[in-house]
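Q: Predicted coordinates and the sequence they were generated for:
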Number of protein chains: 2
Amino acid sequence: MADKPSLPKGTRDFEPEVMLRREYLFQTIRTVFRKYGYAPLETPAMEQLSVLTGKYGEEGDRLIFRILNNGNFLEGVSPEALADASVLGPQICERALRYDLTVPFARFVVMNQGSLAFPFKRYQIQPVWRADRPQKGRYREFYQCDADAVGADSLLFEAEFIAMYDEALSRLGMDDFTIRINHRQILTAYATAIGHPDQVVTMTIAIDKLDKIGEKGVREELYRRGFTEEEADKLFSLITFEGDTMAKLDFLEKELGHLDAGKTGVSELREVFRLYQHQSKFKGKVSLDLTLARGLDYYTGTVFEVKVNNVEMGSIGGGGRYADLTGVFGVPGLSGVGISFGADRIYDVLQALNLFENVGLSPVKVLVPNFGEETLEAGLNAVRQLREAGVSAEMYPDDSKLKKQFAYANKKGVPFLLMIGAEEAAKGVCQLKDMVSGQQETITLVEAIEKLASAKG
Amino acid sequence: MADKPSLPKGTRDFEPEVMLRREYLFQTIRTVFRKYGYAPLETPAMEQLSVLTGKYGEEGDRLIFRILNNGNFLEGVSPEALADASVLGPQICERALRYDLTVPFARFVVMNQGSLAFPFKRYQIQPVWRADRPQKGRYREFYQCDADAVGADSLLFEAEFIAMYDEALSRLGMDDFTIRINHRQILTAYATAIGHPDQVVTMTIAIDKLDKIGEKGVREELYRRGFTEEEADKLFSLITFEGDTMAKLDFLEKELGHLDAGKTGVSELREVFRLYQHQSKFKGKVSLDLTLARGLDYYTGTVFEVKVNNVEMGSIGGGGRYADLTGVFGVPGLSGVGISFGADRIYDVLQALNLFENVGLSPVKVLVPNFGEETLEAGLNAVRQLREAGVSAEMYPDDSKLKKQFAYANKKGVPFLLMIGAEEAAKGVCQLKDMVSGQQETITLVEAIEKLASAKG
C-alpha cells in the first residue's frame, strides 16, 4: 500500500510549467487549423483490436497495447491457447489502445460517410500509445497532431498545407525552417529513367537513407541490389541537381518530362507552387527536395517534410497525398492529403531557441499576500476586481509570515505581488511589486489592475 | 479485412459539431480555473496497476481496464494461474488505464512533493476509463474535469471553489442553478445528537438516499438499522428545518453547538459564507443543504454539490474537503479541497437550454466558391486576406457546379458565402451571402472582411 509509487516506463507527467507551454503550442497550431477550415475530431483511446491489427505491418502489430477483457476473460479459451501468448493474446483482448490517428480517422470516415460533407477536412490532437523501447525523445504515450483533407483531388489542399506549416511555425516564433516537398511520381520517374522501373521501392529505400549514410552508403546499397555504377551515376545526376525550385522543375521536365510519371510529378508540383504563392506571401521557406521520399507505401503524390535549420533535430513534421485512406475497411478510392506536426520535437526546438519566453510560466499573474483579518476584506476585494478584469489572481490562503508567502510566490514563479497592508488600506492604495525587476510602486488599485491587465506573464 | 468497422461499446467519436461545443465548454471552465490561479496538470493514461488497485473498493477494482503486457506475457506465469482469471490477470498486466483523476494526482504529488509550491493548486481535464455496463449517459471512456488545492487548511479555498462554480456556469449562460453546501461535521453532530455517535456512516447512507426514496424510505432504512422512531423524528426535525442559509446556521448552532462536531461544522460554514461574500457578488445561488452528504469515506469538511433547477438532471458537479489525499502512498496528513465539473451532464444541460447557440457550429465562417481559373487568383487572395484578419475561410477546392458547392456549404453549416465571379472581379467587389437570412449584398472585399470579422458563427 505505502510503496513509493512510480510511472510506467516511457510515460510522463506534464507538470504545470510544461503544460502551460504545451497548451500554448497546441493552441497555436489549433488556431491555424481552424482558420483554414479544418474541424476538430476526437476518437476514443480504445479501438476494437480488429480495427488496428494488420494496419501497421508485423512490427506495428507487436507494438500495439492490448486491453485485457474484463470479468472472467479465460471463459471459452481453448487449452492450447494457454500455452502460447501469441495465440492467447487475441482471445483475451477485444480492445486495444490507439496506435496512430490515421486508422481511427479512416474508421470514422467509413462509419460516417453518409453524413459527412466531402471534402472532409479534420484535425485531431490526441495521444497515441506504442510499446516501443523507451529512449531519449521516444515515449510510449505521446501526442500526435494531424490534419487531413479527404475526398478531393484538388492540389489546392497541398498548397493550403504548406501555408499552414508556414503560418503555424511562424506564429510559434520560428523563422529558420524549410518546408521540403517532392512528388512520389518523380521517384517513379527516376527508376524508369535509370532502367529499373520495377525497382522503385528498392531505390526509394536507398535514397531515403541519403541523410544518414551519405552518397557512398546509398551507392553501396544500390550495388548490392543489382544496380550498376552507371545507373547509380545517372540517379545521382538527377537527385543532386542544384538550383532554386523553379530551376529544378525545369531540369526535371527536361530529364523526365518524356515519362508519364515525370510529366505528372512536374506539372503537379508546378501547380502546387503556383497555388501556394497565391495563398500566402512566398517566403522562400518552401523548397523542392529531389531526394525526399517519406516512407514507402502510403503516399502517392506530393510529399512534405519540415526541418529546422538552426537546431539539430530530425524532421518536425511531414505528410503527403495518398490515394486510398479507407480501402482497408472496404471503401476504396477515397484519396486525400494530410500533414502532421511533431509536437514533442517542436517543443524541444522552441525550448532550444528560447521561444517560450513570452508564454507565462506562472499559472497566476499576481499574488495578493495575506496580512490577516484587518485587511482581508480589502485583499479579497482586490482579487475579485482583478479577476473581473481578466487577470489571474489569488490571495495567499492564510496570514503566514511574509517570508513564507514570498517563498511561495517565488517557487510558483508569480510575476507580480499586489500588497494591501493596514497603511495602504487606510490610504486607499496598494503596492505593486514586479518580481522580475524587483521594482515596487505605490499606486491605486485601479492603476494596478490596468497595469496588470496589459503586463505579460 | 473489409469487415464493417465498429466502436467499442460505451465509447464515442466526437464529430466536429460536438467537438466545437465541447471545446467551448472546456475552454470556458479552463479559463475560470486559470483566473483563480489553478495550474494545468496532465498525467499519463496508463498507470502502474499497483498504483490503482485497492483505491476504489472491490467494485472499483473490477472496473479497472488492465493493459496486457507486451511480448511473451505468459513467461513465468504459474500453471495454477492459468486456471483462474482473477489470479492470472495481475500476473500478465503491469499497467492499467486511469480510473479517475484523483489517484493519479495523489501519485503525482507524492512523487514531486519536494519541488511543488504548497498550497499546490492544479486542474486536470482528461478522459478516464471504467468497465461499467454502458447505458444512457454512462460511458466507458469519459472526461473528468477537476480542480484541487492541497496542502492548506484555509477555508478561503472553499469560498474560492464556490466562486469558480458560480463564474464558470454563469459564463456558460446558465442562470438557474444552486450550489448546495453542507459540512461532514454537521452529519457527525446529527448522529451524536440522536444518540448514535458510532453510526454516522449508517445514518449518512440513509440520508444520502432521501432524494431517491423519500422520508418514508429513509425512515424504514433507519429502523432496519436499529434506530428508534423517536431518534428518526429527532433526525428529521434537524434535517428538514426550513429557512435561508443564515437562519439554518443559527438553528444548527442552537441545536448542535454544544457538540464539538456541531460547533466546528457551523463555524466553518459561517466562515466559508463570509469569505465567499467578499470574493464574489453574492447571487443567492449558494445554499446550505442540511441533507447533503456526498458519499462516505473521503470527505471530512465542507461538501459541495451543484444542481440545475430548470432541467431534469442529476448533480452537474460536486466536491469537498478531505483530510488525507496521499496517505495511501505513504504520505499522510496532506489535506485539501477539490471540485469536479460533470462535463457530459453540463453538455446535455446546455443543449437542453439552447445555450450552444452562440457557439459557431461550423468549423469555418466563410466559403469562397470556386468559379474556375479566371477568378481563382482573386478568390485565393480573398481567402488569404480573410485569414490574415483572423476569419476562418476556405475556397472550394475545384470548380464543380455551383449547386454542388452550395450543398457542401449547407452540409458543413458554413454561415457565409463570399463570391467573386468574373463580373465582381472586374468591378473589384464581391457578393456576400448570409446563409441563415438568405440576404446577399454587393460590397468591397474590405467591407466584407470587416463584416465577417465581427459576425458571430
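A: All right, it came through fine.
Q: low-scoring pLDDT stretches of the stretch 1-150 of chain A, where are they?
A: With pLDDT under 70 as the threshold, the stretch 1-150 of chain A has low-confidence stretches at A:1-3.
Q: which residue ranges form the strands in it?
A: Secondary structure of the stretch 1-150 of chain A (DSSP state E, counting those that start in this stretch): strands located at A:39-40, A:46-48, A:66-67, A:95-97, A:120-129, A:141-150.
Q: Output these in CSV; the columns should cover distance to chain B and mean neighbour count.
A: C-beta here means a position set from N, CA and C on the backbone, and glycine is covered the same way. Putting these into CSV (distance: least, CB to the nearest CB, whole Å; neighbours: other CB atoms under 10 Å in any protein chain shown) gives the following:
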stretch, distance to chain B, mean neighbour count
strand A:39-40, 3, 22
strand A:46-48, 5, 22
strand A:66-67, 4, 24
strand A:95-97, 5, 25
strand A:120-129, 6, 22
strand A:141-150, 5, 22
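Q: Quick one: closest of these to residue A:350.
A: Evaluated over the strands of the stretch 1-150 of chain A, closeness to residue A:350 peaks at strand A:141-150, with 14.0 Å, by CB to CB.
Q: tell me the angle of that closest one relative to strand A:120-129?
A: Interaxial angle, strand A:141-150 versus strand A:120-129 (axes from the mean of the first three to the mean of the last three CA atoms, to 10 degrees): 160 degrees.
Q: what packs against strand A:141-150?
A: helix A:16-35, helix A:102-111, strand A:120-129, helix A:156-171, strand A:336-341, helix A:343-352 (3 or more CB pairs under 8 Å, 6 or more residues apart in numbering or on different chains; DSSP states H and E).
Q: what angle sits between the first one and strand B:120-129?
A: For helix A:16-35 against strand B:120-129, the angle between stretch directions is 60 degrees (the same axes, to 10 degrees).
Q: Mind giving me the packing neighbours of helix A:16-35?
A: Contacts of helix A:16-35 with other secondary structure elements, assessed using 3+ CB pairs under 8 Å, 6+ apart, are made with strand A:120-129, strand A:141-150, helix A:156-171, helix A:343-352, strand B:39-40.
Q: for the shortest one, the distance to its chain's centre please.
A: Relative to the chain's own centre, strand B:39-40 is displaced by 15 Å; criterion: CA atoms, centre = their mean, to the nearest Å.
Q: do the same with the second one
A: With CA atoms, centre = their mean as the basis, strand A:141-150 stands 7 Å off its chain's centre.
Q: related to what we said a few turns ago, most tightly surrounded among the helices and strands packed on strand A:141-150?
A: Among the helices and strands packed on strand A:141-150, the stretch with the highest mean neighbour count (mean count of other CB atoms under 10 Å in any protein chain shown) is strand A:336-341, at a mean of 26.
Q: quick one, that strand and helix A:102-111 angle?
A: When the same axes, to 10 degrees is applied, the directions of strand A:336-341 and helix A:102-111 differ by 140 degrees.
Q: Partner strands of strand A:336-341, with direction?
A: Each strand pairing with strand A:336-341, determined using DSSP bridges, is listed with its direction: strand A:141-150 (antiparallel), strand A:317-322 (antiparallel).
Q: pull the CA atoms of the first one into PDB?
A: What follows is strand A:141-150 as a C-alpha-only set of coordinates in PDB (Å, rounded to 0.1, in the frame of the first residue of the first chain):
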ATOM      1  CA  GLU A 141       2.500   7.700 -24.800                       C
ATOM      2  CA  PHE A 142       2.800  10.800 -27.000                       C
ATOM      3  CA  TYR A 143       0.600  13.300 -28.800                       C
ATOM      4  CA  GLN A 144       0.000  13.300 -32.500                       C
ATOM      5  CA  CYS A 145      -1.300  16.400 -34.200                       C
ATOM      6  CA  ASP A 146      -2.700  15.700 -37.600                       C
ATOM      7  CA  ALA A 147      -4.800  17.500 -40.300                       C
ATOM      8  CA  ASP A 148      -6.200  15.800 -43.300                       C
ATOM      9  CA  ALA A 149      -8.500  16.700 -46.200                       C
ATOM     10  CA  VAL A 150     -10.100  13.600 -47.800                       C
END
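Q: closest one to residue A:289 among the helices and strands packed on strand A:141-150?
A: Counting by CB to CB, residue A:289 lies closest to helix A:156-171 out of these; the figure is 13.1 Å.
Q: what's the spacing between that closest one and its chain's center?
A: On the basis of CA atoms, centre = their mean, helix A:156-171 sits 14 Å off its chain's mean C-alpha point.
Q: Can you name every helix or strand that it contacts?
A: Where contact means 3+ CB pairs under 8 Å, 6+ apart, helix A:156-171 is packed against helix A:16-35, strand A:141-150, strand A:177-183, helix A:260-279, strand A:299-308, strand A:317-322, strand A:336-341.
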